[in-house]
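Colleague: requesting a structural model of the entry that follows:
(chains A and B)
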Amino acid sequence: SQQGEEDPQALSIQEGENATMNCSYKTSINNLQWYRQNSGRGLVHLILIRSNEREKHSGRLRVTLDTSKKSSSLLITASRAADTASYFCATVRSLFNAGGTSYGKLTFGQGTILTVHP
Amino acid sequence: NAGVTQTPKFQVLKTGQSMTLQCAQDMNHEYMSWYRQDPGMGLRLIHYSVGAGITDQGEVPNGYNVSRSTTEDFPLRLLSAAPSQTSVYFCASSLRGPLYTGELFFGEGSRLTVL
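Modeller: Below you'll find the predicted structure:
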């Protein structure tokens, strides 16, 4: 089952506007990551926030994490047409393998399709 | 830097055929994984490996086989292809896995159609 649920499923904005995407999850996590996927391409890591952090910034990206509500948001400020892509949140929790070691299980949400109109 | 390289990019199979999707990384990453991406379902983990000789199952392992004989390579084998395996497959690697080093590096994907 999917750990992360994203909202909205699709978002259409004009260049220069801000875009906010939300992610909710069900179980406790170690960290939460956001990825971007351009059409027909692989995913690219954007930002990681750990469970003991509340906010992180990277360039035009701002991520918040509320562990009490089990939710995160990704804000892209001053959006550009080149930001058009699908955005996925991914949660990481400890998952021990047969050898008794945990490398973490990364589970993706279904994604938000962002379209930025020039 | 090549990063994560997947081959082939496109493949059409008939039901019952077998094939191997290749994945190679040149970053000396311990952790490698295979995901499949289906419309409306995000990405689901098939198998992962935490080092040469060590593999484990993910969420949807049935119908797939993996091995890790070297640090660089992590092939995914479809033993007897079924139409339900029509999907886009992604290989991803990480230095020490999503728990410790976080970021996964993805290949460009392999689009598989099973008729």
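Colleague: ok, which stretches of the chain are strands?
Modeller: I went with chain A, as the question did not name one. A:4-7, A:10-14, A:19-25, A:31-37, A:43-50, A:55-58, A:61-66, A:71-76, A:85-93, A:105-108, A:112-117 (DSSP state E).
Colleague: think we crossed wires, I meant chain B
Modeller: Here chain B has its strands, by DSSP E, at B:4-7, B:10-13, B:19-25, B:31-37, B:43-51, B:54-57, B:64-66, B:76-78, B:87-94, B:105-106, B:110-114.
Colleague: about what we covered before: which of the strands of chain A sits most buried?
Modeller: Mean neighbours per residue, mean count of other CB atoms under 10 Å in any protein chain shown, is largest over these for strand A:105-108, with a mean of 26. Yep, even glycine has a C-beta here, placed from its N, CA and C like the rest.
Colleague: coming back round to it: would you reformat the strands of chain B as a markdown table and include distance to A:Met21?
Modeller: As requested, the strands of chain B are arranged in a markdown table below (distance: least, CB to CB, whole Å):
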| stretch | distance to A:Met21 |
| --- | --- |
| strand B:4-7 | 25 |
| strand B:10-13 | 30 |
| strand B:19-25 | 29 |
| strand B:31-37 | 18 |
| strand B:43-51 | 16 |
| strand B:54-57 | 30 |
| strand B:64-66 | 31 |
| strand B:76-78 | 30 |
| strand B:87-94 | 21 |
| strand B:105-106 | 19 |
| strand B:110-114 | 26 |
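Colleague: now do stretch A:43-63: distance to the chain's middle.
Modeller: 8 Å (CA atoms, centre = their mean, to the nearest Å).
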